[in-house]
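> just a sequence and a predicted model for now, questions to come.
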Amino acid sequence: MADGAAKPDAAVVRDALGVGVAVGLSGFAFGVTSAGGGLGLLQTCALSLLVFTGASQFALVGALAAGGNPYTAAAGAFFLGVRNAFYGLRLSQLLALPRAVRPFAAQWVIDETTAVTLAQPTRRAARIGFTVTGVTLYVLWNLTTLLGALGAKAIGDTRAWGLDAAGPAVFLALLAPMLRTATERAVAGLAVLLGLGLLPVLPAGVPVLVAALAAPVALFVSGRRGPRAPQDLDEISKDRAKDTSEAEDKAMEEGR
């Protein structure tokens, strides 16, 4: 969470609603894809209600529709969802929610709520952004999932529409700006190469599991090159503030 002036509540709500509505509507694509892949209405809606993480849901449905082993499909979806646990570690510090609320808030710890929360300058703004994004996205995602599952028969061949690409596209759009370092970009690139390269030769769902190995491999190679001091958003913000202060002092001295 960056240091800075307080952001108006209305501006935070507006930004959060924009993200929640834009991404929430893509639940329709999941509903259609899931129903078209052979899952029932209750199964489709249960995934959105309980799992509530688009990338994992699309991965699970895609693997099952391709004839993959259910356990392999579930494992792939699980590993994709593990990232939310790391988001939670960061957000728990920023939001500092009461203990009674944390189990319920954990359900909303996903890419979109994390992105909105980390973009806020104060704890109050972060809490508002997290809550508004979470509520909006959860309600819309589940509602549009239901509508998509009900309308799958009317659409016909769901694969011809390419709706299964909606979820991954949203995920990539959120992920791309977060790849700031060379190591992060290397992990993403290696994961893509492994996933796409092994797709024709391995059973459905397995390439996702293998692609997850990109992270430890890249971290191992990076570690052999020597340790590097980590930087989080707070440290980056402090460095920028320090640079700005030094520049202002220099300008004042020159003015004298």
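Now that the structure is in, tell me what you want to look at.
> could you measure from L41 over to A149?
Note on L41: its distance to A149, by C-beta to C-beta, to the nearest Å, is 5 Å. Where you see a C-beta, it was placed from the backbone N, CA and C, and this is true even at glycine.
> what of C45?
7 Å.
> these two: which has the busier surroundings?
A149 (26 against 18; other C-beta atoms under 10 Å).
> helices and strands around the helix or strand harbouring that one, which ones?
In this structure, A149 sits in helix 123-155 according to DSSP states H and E. Counting contacts by 3 or more C-beta pairs under 8 Å, 6 or more residues apart in numbering; DSSP states H and E, helix 123-155 is packed against helix 9-24, helix 27-36, helix 41-46, helix 83-95, helix 111-118.
> avg pLDDT for stretch 199-212?
If you average the pLDDT over stretch 199-212, you get 74.
> cool, and stretch 47-66?
90.
> any idea how far apart the tips of that stretch sit?
Distance across stretch 47-66, first residue to last, is 18 Å (C-alpha to C-alpha, to the nearest Å).
> hang on, the earlier thing: taking helix 111-118 as reference, get the angle to the helix holding A149.
Relative orientation of helix 123-155 versus helix 111-118 (axes from the mean of the first three to the mean of the last three C-alpha atoms, to 10 degrees): 160 degrees.
> so R90 sits against T114, correct?
Yes - using C-beta atoms under 8 Å, R90 is in contact with T114, at 7.4 Å.
> the two: which is more packed in?
T114 (23 against 16).
> and the more buried one, what is it in contact with?
87, 90-91 (C-beta atoms under 8 Å, 6 or more residues apart in numbering).
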